[in-house]
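Participant: Starting from these lines, generate the structure:
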Amino acid sequence: MMYQSVRRMPLFSVSEERSLFCRDEEHLVRWWFSLVPGCRVLCGGGDAFIFVDAGERNRHDGPDIEDAVIIHGGEMVKGDVECHLLSGDWFHHGHSRDNRYNDVMLHLAADCDKDAITALGRKIPTVMALPQFATFPDHAGKGLLDDSEVLKRLTPFIEWRWSEKVLRFSRRLADSENPEVIFLITSFRALGYPGNEKPFEKLAKALQMERLRGLGLQEVTNILFDLSGLVGAGGMKTQREIVKVSDLVCAVPASLWRRGGVRPHAWPRRRMAFAGRLVQKLTEGWAPWSTDEEMSCKSMEDIFGKHLPGKGWTTEWLGNVVLPMRKAVLKSPNSLQVWFDLFLPEPYGRHRRHFGGRVSPRFLRNFAVGQGLIQLNNMWKQCNSLNLCPLCR
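Facilitator: Down below sits the predicted model:
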């Protein structure tokens, strides 16, 4: 029934002219995210599908876009999308021999010279991008707004974003999950950003905190290295230590860790020092979700010192994990105000590009404003003369 209800939407077919508007693969990715849910897209050979959801951008190893959703042959299909200027680059880049590309369901190209085939021998439909989707708005508007006006226009989106974060923790707490486990898993996921959220989460779930209480920092860090499957632990373990902890956990396969697109300061090996210190603090009874004590980058530096990954990451951790969870537990009325007191060392690059002509550089660094802009951009993916977002009106 869903397929029948959307099949009358406009058909986006391939024009006769080549898609020379694409300077790089980034244009192809942005074209994909510019598509409107419910539109009908034509593949090579005359086949067509209904576009449902663009999925998530992957800036690391593997396909360019993950978990996209289409309707093909009357069925809902979820899979990955790979982008190339020339379709033959699929073979030149070795994807036909790489099992990470076995779940690719569409091959998006600016020009087509041959069909893509997975390592399992499955042929992948090719979609050619169209020139009329080559322009992308930058939300520049008509000049800078005063900070107070920006805040006035963004407040609904900021509060929406904040409420969503608090609600995620409230739901898990309502399911009677252990607050310490919730905090550990979400903090480890934050450590994994960008690209290694899943293996860090798996590592956190493998830990049994009761069995780790009383261990020193070096012991805890060595255990984490051993479980992660990463090479280069901070100190060799004796056979006695290995036997002592081997029954506590399951190892994380080393193949899960991503390196492509991950900056050196975010390499998991470097962030394991903070992971060890965090686990040790939790085993000592530290529970930031159940106290009204100050939560700021300065207070975290006082607790963790040199083990912190950096001010930018610390700000993200406070804003995405510590403060929302404390709000969910304590119902503290001033948690949102503390959110507004957080500032990033630098604004998000995408915000500087999209909103730099409308929001001052200093205000772009405000964490709450940045979260409001993320929510705004999620709802107004295309801002043009006919559909201006609230920030540009």
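
Participant: who are the neighbours in contact with E293?
Facilitator: Neighbouring residues of E293 by CB atoms under 8 Å, 6 or more residues apart in numbering: S299. Backbone N, C-alpha and C define where each C-beta goes, glycine included.

Participant: does it count as helix, strand or coil?
Facilitator: Secondary structure, DSSP: H, G, I helix; E, B strand; the rest coil: E293 is coil.

Participant: and it, how far is that from A266?
Facilitator: As judged by CB to CB, to the nearest Å, E293 and A266 stand 28 Å apart.

Participant: For the stretch 1-150 of the chain, give me the ranges with low pLDDT.
Facilitator: Across the stretch 1-150 of the chain, the ranges flagged by pLDDT under 70 are 1-23, 44-46, 130-142.

Participant: Do a quick rundown of the helices in it.
Facilitator: For the stretch 1-150 of the chain, applying DSSP state H, counting those that start in this stretch gives helices covering 2-6, 25-34, 89-92, 147-174.

Participant: Nearest to P390 among those helices would be which one?
Facilitator: Evaluated with CB to CB, those place helix 147-174 nearest to P390, the distance being 5.0 Å.

Participant: Between the helices of the stretch 1-150 of the chain, which shows the greatest average number of neighbours?
Facilitator: Per-residue neighbour counts averaged over each of the helices of the stretch 1-150 of the chain give the maximum for helix 25-34, namely a mean of 18 (mean count of other CB atoms under 10 Å).

Participant: what separates that one from the chain centre, distance-wise?
Facilitator: Relative to the chain's own centre, helix 25-34 is displaced by 17 Å; criterion: CA atoms, centre = their mean, to the nearest Å.

Participant: next one: stretch 169-178
Facilitator: 22 Å.

Participant: Over to stretch 79-96?
Facilitator: 23 Å.

Participant: buried ones in it?
Facilitator: Within stretch 79-96, the residues that qualify as buried are 79-85, 87-90, 95, counting by 16 or more other CB atoms under 10 Å.

Participant: Between its first and last residues, how far does it reach?
Facilitator: Taking CA to CA, to the nearest Å, the span from the opening residue of stretch 79-96 to its closing residue is 17 Å.

Participant: I would like the residues contacting that stretch, please.
Facilitator: When contacts are taken as CB under 8 Å, 6+ apart, the neighbours of stretch 79-96 outside the stretch itself are 22, 24-25, 28-29, 32, 55, 58, 62-68, 101, 103-119, 124, 126.

Participant: Can I have the buried ones of those residues as a PyMOL selection?
Facilitator: For the buried members of these, the matching PyMOL selection, counting by 16+ other CB under 10 Å, is:
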select buried, resi 22+25+28+29+32+55+58+62+63+64+65+66+68+101+104+105+106+107+108+109+110+111+112+116+118+124+126
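
Participant: Strands - which of the contacts of stretch 79-96 land there?
Facilitator: Mapping the contacts of stretch 79-96 onto strands (DSSP state E) picks out 65-68, 104-111, 116-117, 124, 126.

Participant: Would you mind stating the distance between H92 and V29?
Facilitator: Counting by CB to CB, the gap between H92 and V29 amounts to 19 Å.
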